[in-house]
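Participant: Predicted model, plus sequence, below.
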Amino acid sequence: MTQAISGGDIIVKALADEGVDTIFGYSGGAILPTYDAIFRYNETCEKNGGQPIQLVVPASEQGAGFMAAGYARSTGKVGVFLVTSGPGATNSVTPVRDCMADSIPVVLITGQVPRGALGSDAFQEAPVFTLMSTCAKHAFLVTDPEELEATVRTAFEIARSGRPGPVVVDIPKDVQNWMGLYKGSGVLTLRGYDRRVREIQNSRITPEHAKAFFDLLAASERPLLYAGSGVINAGAADELRRFSSQFGIPVTTTLMGLGAMDSADPLSLTMLGMHGAAFANYAVEDSDFIIAVASRFDDRVAGKPKEWAPNARAIAHIDIDFAELGKVKSANWGHIGDAKVALQDLLAAGSGFSKDFSKWQAHLDVMKKEHPHNYDRASELIQPQYVIECLNEVVQGEAIFTTGVGQHQMWAAQYLSLKHARSFLTSGSMGTMGFGLTAAIGAQFANPDKTVINIDGDGSIRMNLGEMETVTTYNLPVKILVLNNSGDGMVRQWQRLFFAERFCGSDKSLHKKDFIKTAEADGFEFAVRVSDKADVADVLRRFIEYPGPAFVEVVIDQNACVYPMIGPGSGYKEMVTGDFIPARAVATQSAGKADLF
Ligand SMILES: Cc1ncc(C[n+]2csc(CCOP(=O)(O)OP(=O)(O)O)c2C)c(N)n1
Ligand SMILES: [Mg+2]
């Protein structure tokens, strides 16, 4: 292109070249040149053909960030959000940190005060580069307009390469107004990073290293795959499933890894950890060989690392991030690389391997039968687990689910039938309340033909309640299911267990919110409250079948608790299974002994 265009135009062209079809953004003074460029870009597309970029306007910048995250989590593509300087940028800190903690690829573009005003406490100036450098995968402040185009392109490269994450590009207003040429190619050189990414891309499991792995597997009687979200990020769910079925190895996943396995697969043990299935946690206790794939032994999985998997004679660990190897648990066999490639390499190398693990599988089948998830089925009050079971009947795993944070998130994780990768979107590491509704909006934009269901808590949905209107403004058929227990149930559960029932600041029984009126005020034509157990199944069927935006509030038992539970910092031996899940006898907990099977 030989004609000079504005910095704003350059940003938009670079985004279009990256295949961006949707931007979630909130405007303001310092980003106006780029907003104007979007308008003009789309106008040109309308006249001359070309793919316009949809600009989705949320109620707040945090909403925009989680929408971009929902878009990214549900597709694997880079999500984009675009906000103004100062408060627009600081409102974006939470989703950026959330994406970092869960390894989600997004690019955030922030307007900044003009270069000449930087550091002068100008109107709506915030130290975006400093703030974001500490919580993003990478942050840029564009001070040389000649580098603007390459910086935008590089931001996408960094966001999606290696271990994915958020990248922030802070662009002073005068750089957006600068006039220059669009080159159409070129990225910045990031020496250390480029080398590391190339190493990861080229990283393969050598035949000798594969042999060492299969020697460990051959020596094992009770191998267990422990898979994390990196399996989903790497697009390796198919490989994980093949690996599990080819060698007959059961799989447990982290909260973030849910969906990597079909929860109905006989070899699936569903989720492990603090609120994992009792049988998954027993499997960890009993296993003699843990194969960790793209998972990081975080404290919700291994609260007491020393006591975790006490009978494991070996641990294998595959991760894309070298910093994770040995961070919490040291591995006897390790590989740094892409999970998909690594599993493919092992599948190929192990094509002749076979070992009978049927005794171990049978042992776990018994565990599943004797210690399943369960709850107070006889109660007159609506139990949240029952609501999710009814939802499963209607949806049969064919939906994208999002959640808020709290008990409802854990009940969803425990009880939902999940068939597909990228079908369970939740704020895992940060645990950010307010994620569910906003992520559902982003996921629905990215997947217009899929059913998107937000399972939310009454506390969590309040956090970004302004986004209810975004659902109806864009006529998104998002389904919102609020499990209302009149308060911050998870906080109450901890107060019940660890603070002698002093329910400080967590009870909302006297709060005045009428969620149905709220939904109606925001234009929901389907807004139903369910307080009678007998109505749950029928309402949920109508709710899911409703073609447009739909809202259901279910008034659940305020005292329902999430079990099993391993208290923070405790070991699996201290797992509490509650009144409805039988715990196994202590004698059988000392696995690794000859009497295990
Ligand atoms: C932004 C934010 N603030 C505070 C918390 C701490 N927290 C974790 S769960 C929870 C209660 C959530 O209440 P609700 O959404 O109603 O879910 P419930 O546990 O009742 O199902 C709180 C306050 C958090 N996770 N995120
Ligand atoms: Mg609640």
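Facilitator: Sure, I can see it. Ligands and ions are numbered 1, 2, ... in the order given.
Participant: contacting residues around residue 53?
Facilitator: Neighbouring residues of residue 53 by C-beta atoms under 8 Å, 6 or more residues apart in numbering: 12, 15, 16, 20, 21, 22, 23, 38, 41, 42. Where C-beta positions appear, they are placed from N, C-alpha and C, glycine not excepted.
Participant: Give the buried subset of these as a ChimeraX selection command.
Facilitator: Burial among those is assessed by 16 or more other C-beta atoms under 10 Å; the matching ChimeraX selection reads:
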select :12,15,16,20,22,23,38,41,42
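Participant: Give me the subset of the contacts of residue 53 that lies in helices.
Facilitator: 12, 15, 16, 38, 41, 42 (DSSP state H).
Participant: Dump the residues you listed to CSV, plus distance to ligand 2 and pLDDT.
Facilitator: Below are those laid out as CSV (distance: C-beta to the ion, whole Å; pLDDT from 0 to 100):
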residue, distance to ligand 2, pLDDT
12, 41, 98
15, 38, 98
16, 42, 98
38, 38, 98
41, 43, 98
42, 41, 98
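Participant: Could you work out the most separated pair of those residues?
Facilitator: Across these, the longest distance by C-beta to C-beta is 12.0 Å; it joins 15 and 42.
Participant: Report the separation between residue 242 and residue 580.
Facilitator: Between residue 242 and residue 580 the distance, using C-beta to C-beta, to the nearest Å, works out to 35 Å.
Participant: Tell me the residues of the stretch 451-597 of the chain that contact ligand 1?
Facilitator: Taking C-beta under 6 Å from any ligand atom as the criterion, the neighbours of ligand 1 within the stretch 451-597 of the chain are 457, 458, 459, 460, 483, 485, 488, 489, 490, 491.
Participant: Of those, just the buried ones, ChimeraX syntax please.
Facilitator: Below is the selection syntax for ChimeraX that covers the buried ones among those, with 16+ other C-beta under 10 Å defining burial:
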select :457,458,459,460,483,485,488,489,490,491
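Participant: List, out of the residues of the stretch 451-597 of the chain next to ligand 1, those positioned next to ligand 2.
Facilitator: If you filter these for contact with ligand 2, counting by C-beta under 5 Å from the ion, you are left with 457, 458, 459, 485, 489.
Participant: Redo those as TSV? Include pLDDT.
Facilitator: Converted to TSV, those look like this (pLDDT from 0 to 100):
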residue	pLDDT
457	98
458	98
459	98
485	98
489	98
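Participant: TSV please, covering the ones in helices among the contacts of residue 53 and showing distance to residue 67.
Facilitator: Listed next are the ones in helices among the contacts of residue 53 as TSV, based on distance: C-beta to C-beta, whole Å:
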residue	distance to residue 67
12	19
15	16
16	19
38	16
41	20
42	19
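Participant: What is the nearest of the residues you listed to ligand 1?
Facilitator: The shortest separation between ligand 1 and any of these is 29.5 Å, and it belongs to residue 15 (by C-beta to the nearest ligand atom).
Participant: correct me, but that closest one touches residue 81?
Facilitator: No: counting by C-beta atoms under 8 Å, no contact exists between residue 15 and residue 81, whose distance comes to 11.4 Å.
Participant: residues shared between the contacts of the two?
Facilitator: residue 23.
Participant: Grab the nearest non-local neighbour of residue 30.
Facilitator: Counting by C-beta to C-beta, 6 or more residues apart in numbering, residue 30 lies nearest to residue 111, which is 3.2 Å off, once chain neighbours are set aside.
Participant: Spell out which parts of the chain neighbour ligand 1.
Facilitator: 404-408, 431-433, 457-460, 483, 485, 488-491.
Participant: Contacts only, for whichever residue of the stretch 201-350 of the chain sits closest to ligand 2.
Facilitator: Using C-beta to the ion, the point where the stretch 201-350 of the chain gets nearest to ligand 2 is residue 275, with a distance of 15.6 Å. With contact taken as C-beta under 8 Å, 6+ apart, residue 275 is in contact with 410, 413, 414, 562, 563, 564, 565, 566.
Participant: Then it would be within a helix, right?
Facilitator: No: when classified by DSSP: H, G, I helix; E, B strand; the rest coil, residue 275 is found to be coil rather than part of a helix.
Participant: buried stuff in the host helix or strand of residue 386?
Facilitator: With secondary structure defined by DSSP states H and E, residue 386 is part of helix 384-395. Burial within helix 384-395, assessed by neighbour count using 16+ other C-beta under 10 Å, is assigned to 384, 385, 386, 387, 388, 389, 390, 391, 392, 394, 395.
Participant: Mind putting those residues into CSV with distance to residue 268?
Facilitator: Formatted as CSV, these follow (distance: C-beta to C-beta, whole Å):
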residue, distance to residue 268
384, 22
385, 19
386, 22
387, 22
388, 17
389, 17
390, 22
391, 19
392, 15
394, 21
395, 18
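Participant: Please identify the buried residues of the lowest-mean-pLDDT helix or strand in the chain?
Facilitator: Every helix and strand of the chain was ranked by mean pLDDT, DSSP states H and E. The lowest is helix 191-202, at a mean of 94. Going by neighbour count (16+ other C-beta under 10 Å), the buried part of helix 191-202 is 193, 194, 196, 197, 200.
Participant: just checking, what packs against the helix or strand that comes right after that helix?
Facilitator: Using DSSP H and E, the next helix or strand after helix 191-202 towards the C-terminus is helix 207-219. Helix 207-219 is packed against strand 289-293, strand 314-319, strand 333-336, helix 339-349, with contacts defined by 3 or more C-beta pairs under 8 Å, 6 or more residues apart in numbering; DSSP states H and E.
Participant: Quick one: residues contacting whichever residue of the chain sits closest to ligand 2.
Facilitator: Distances between the chain and ligand 2 by C-beta to the ion are smallest at residue 457, namely 3.9 Å. Shown in contact with residue 457 (C-beta under 8 Å, 6+ apart): 404-409, 433, 482-485, 488-489.
Participant: Could you list which of those belong to strands?
Facilitator: Of the contacts of residue 457, the ones assigned to strands by DSSP state E are 482, 483, 484.
Participant: Pick the one among the residues you listed closest to residue 214.
Facilitator: For the ones in strands among the contacts of residue 457, the nearest to residue 214 is residue 483 (45.6 Å; C-beta to C-beta).
Participant: Quick one: residues contacting that closest one.
Facilitator: With C-beta under 8 Å, 6+ apart as the criterion, the residues that contact residue 483 are 384, 387, 407, 408, 411, 455, 456, 457, 458, 554, 556.
Participant: Neighbours of the last one, how many?
Facilitator: Around residue 556 sit 29 other residues, with neighbours defined as other C-beta atoms under 10 Å.
Participant: Next: the fifth one.
Facilitator: The number of residues packed near residue 411 is 27, by other C-beta under 10 Å.
Participant: Who's the closest spatial neighbour of it, skipping the chain neighbours?
Facilitator: Going by C-beta to C-beta, 6+ apart, residue 411 has residue 384 as its nearest residue, at 4.8 Å.
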